[in-house]
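Engineer: Provide a 3D model corresponding to the input given below.
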Amino acid sequence: MKNILVFTFFIIFINTLVNSQTCLDTSHKFFNSKDYISAEHALEKCSQKEKASPNVQISMGGIKLLLGKYDEAEKYFNNVLKIMPKNSPYFAYVYSNLGDLAMRKKRIQKAMDYYQKSLKYQPEDINSLIGYGYALEKMDKKDLAIKYYKKALDIDFSNLIARKNLIRLEPESLTYKEKLEALKFRNIIAPESENFNDEDIIMLKKILKAERGSSIDYLSLKFGATLPEGVIFEQNPNTFYARKMLTLSGYNLLIDKLSSEAKDFFRSKGIVVSDIFSLTDLNGKPIFNENGLLTDEGLIAYNKSLKGKKTYLLPGEKTPLIKEKEDELAKQYMAQGYSEVSRLEFQYVEEGTNCSEETLVKNLKCRTIGEGRDRRYFVLSKEDTSIPFSIPYMFVEEYRELYGKHNQNEAPIYKETFGEKQRGPLTLCNEKGEMETLR
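Structural biologist: Sure, this is the predicted structure:
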């Protein structure tokens, strides 16, 4: 998502520089011809001659960011903050790029701080509005993220990144009127309808999920010229924001086709036809409904099975007691002096220690159970735990202290001065999230 923004805003910046130096002019020419390596080399020569030039430092940061040299880019952007005149118009640009760099390193709270600083200088900075919205989305604050995406779109109607992010968050990002129109477009409700119910929205969510899963391309590939009319609807045709959408009949056609292929797949696995319709997923949910079509759970199980994972159970096959096993393991951890913490609390530990999840588990005795959104986190909390193993829980306690002082819908801000009262700043991991010597 961010690459387009970096490219766009660097073009805007480089084209607004007014500098007569030959090296900057040369780098500008290379940049416009998309020869970024040569532009970088030209700027390095500029940097050697004009180390105190804010223009050169900003240009170097921009080209390094564009080339994926994030640590170097961060160094240049931080340096320029020290030498830029207070009336410089580029503070918003620099802070916005530092926000982008923090997001790439998964330092979400730090990224949000940078974006906020950028927006103080330029409240209509598109990159910062979208970046801040994306950070909010990562913090599970979708309602707030939607507001920032919409604000960006209000400023720049043609911004495809903000538009795509809002589409990804549908139907939550839609107003009542927009939901009503979306339901009509897809023929979920009649054209004359003036209201809808929860079941209509559930169907809309299913269709939107199918759209995000490349269902339109799938149907076009499978049926080609024989694709029935009314299956796919194009909104705003012949515009830069044209959008193809799946209708209710298209969704039904999709499920029918996938169900047929799923039956063939299970037959290829040696499952007799009489057993196919009695298959369940690993949680005991039926894969096919009474009409022989894939259920929501069946779609997930079938897709995972295509990737080589056995996510279905034959009739009579016992359902794995995954949750019970995980609960039992959690009890064992608790008995060993662990406390279960939330995902956001563990994320706070990662940011505070600068350590990756892998390092926290391997070197600081943290524990995890499960995968994906159901993943559970545990840190040592017993009183006799020695440093550095006690540090993760210190950050958890700090998080909880701060969280109590904030609105429940806000995330606390990480305090970089943690630990100074007792032993000075704590540095546990390097930029790669790997363990370093405690100092």
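Engineer: quick one: contacts for Glu340?
Structural biologist: Residues in contact with Glu340 (CB atoms under 8 Å, 6 or more residues apart in numbering) are 330, 333-334, 376-378. Yep, even glycine has a C-beta here, placed from its N, CA and C like the rest.
Engineer: switch the cut-off to 10 Å
Structural biologist: Glu340 is in contact with 330, 333-334, 346, 367, 369, 376-379, 381, counting by CB atoms under 10 Å, 6 or more residues apart in numbering.
Engineer: quick one: it from Asn87, how far?
Structural biologist: Computed as CB to CB, to the nearest Å, the Glu340 to Asn87 distance reads 51 Å.
Engineer: count of neighbours near Thr295?
Structural biologist: For Thr295, the tally of surrounding residues (other CB atoms under 10 Å) stands at 18.
Engineer: let's have the chain start at 29 instead
Structural biologist: In the new numbering, first residue 29, that becomes Thr323.
Engineer: The closest residue to it other than its chain neighbours and Ser296: what is the separation?
Structural biologist: Excluding its sequence neighbours, the residue lying closest to Thr323 (CB to CB, 6 or more residues apart in numbering) is Asn317, at 5.3 Å. Per CB to CB, Asn317 is found 22 Å from Ser296.
Engineer: count of neighbours near the nearest residue in space to Leu342 that is not next to it in sequence?
Structural biologist: Spatial nearest neighbour of Leu342, excluding adjacent residues (CB to CB, 6+ apart): Asp303 at 6.0 Å. For Asp303, the neighbour count with other CB under 10 Å is 13.
Engineer: Also the one 3 residues further on?
Structural biologist: Applying other CB under 10 Å, we find 14 residues neighbouring Ser306.
Engineer: Let me know the pLDDT of the residue nearest the centre of the chain.
Structural biologist: Closest to where the C-alpha atoms of the chain average out (CA atoms, centre = their mean) is Lys166, at 5.5 Å. Here, the pLDDT recorded for Lys166 equals 93.
Engineer: What's the first helix or strand after whichever strand or helix holds Tyr160?
Structural biologist: Assigned by DSSP states H and E, Tyr160 belongs to helix 154-166. Next helix or strand after helix 154-166 toward the C-terminus (DSSP H and E): helix 170-183.
Engineer: In terms of secondary structure, what does that following helix contact?
Structural biologist: With contacts defined as 3 or more CB pairs under 10 Å, 6 or more residues apart in numbering; DSSP states H and E, the packing partners of helix 170-183 are helix 154-166, helix 188-196.
Engineer: so how far is it off the chain centroid?
Structural biologist: Offset of helix 170-183 from its chain centre (CA atoms, centre = their mean, to the nearest Å): 16 Å.
Engineer: Then stretch 266-285?
Structural biologist: For stretch 266-285, the distance to the chain centre is 25 Å (CA atoms, centre = their mean).
Engineer: Likewise for stretch 145-158?
Structural biologist: Centroid separation for stretch 145-158 versus its chain: 20 Å, with CA atoms, centre = their mean.
Engineer: how about that stretch: buried residues?
Structural biologist: For stretch 145-158, a neighbour-count test (16 or more other CB atoms under 10 Å) marks 145-147, 149-150, 153-158 as buried.
Engineer: circling back to that earlier point, for the residue nearest to Thr323, list the residues it contacts.
Structural biologist: With contact set as CB under 10 Å, 6+ apart, Asn317 has these partners: 283, 287, 305, 323-324, 326.
Engineer: what residues does stretch 256-272 touch?
Structural biologist: 185-188, 191-192, 195, 209-210, 213-215, 239, 243-245, 247-248, 251, 273-282.
Engineer: Make a ChimeraX selection of whichever of those residues turn out to be buried.
Structural biologist: Applied in ChimeraX, the following selects the buried portion of the contacts of stretch 256-272 according to 16+ other CB under 10 Å:
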select :187,191,195,210,214,239,243,244,247,273,274,275,276,278,279,281,282
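Engineer: Restricted to helices, list the contacts of stretch 256-272.
Structural biologist: 188, 191-192, 195, 209-210, 213, 239, 243-245, 247-248, 251, 276-282 (DSSP state H).
Engineer: Buried ones among the contacts of Asn317?
Structural biologist: Burial by neighbour count, 16+ other CB under 10 Å: within the contacts of Asn317 this picks out 283, 287, 323, 326.
Engineer: Out of those residues, which is nearest to Gly90?
Structural biologist: Ile283 (47.5 Å; CB to CB).
Engineer: ok now do the closest one, which residues does it touch?
Structural biologist: Contact partners of Ile283, counting by CB under 10 Å, 6+ apart, are 234, 238, 243, 290, 317, 319, 321-323, 326-327.
Engineer: Return the per-residue confidence for it.
Structural biologist: On the pLDDT scale, Ile283 is placed at 97.
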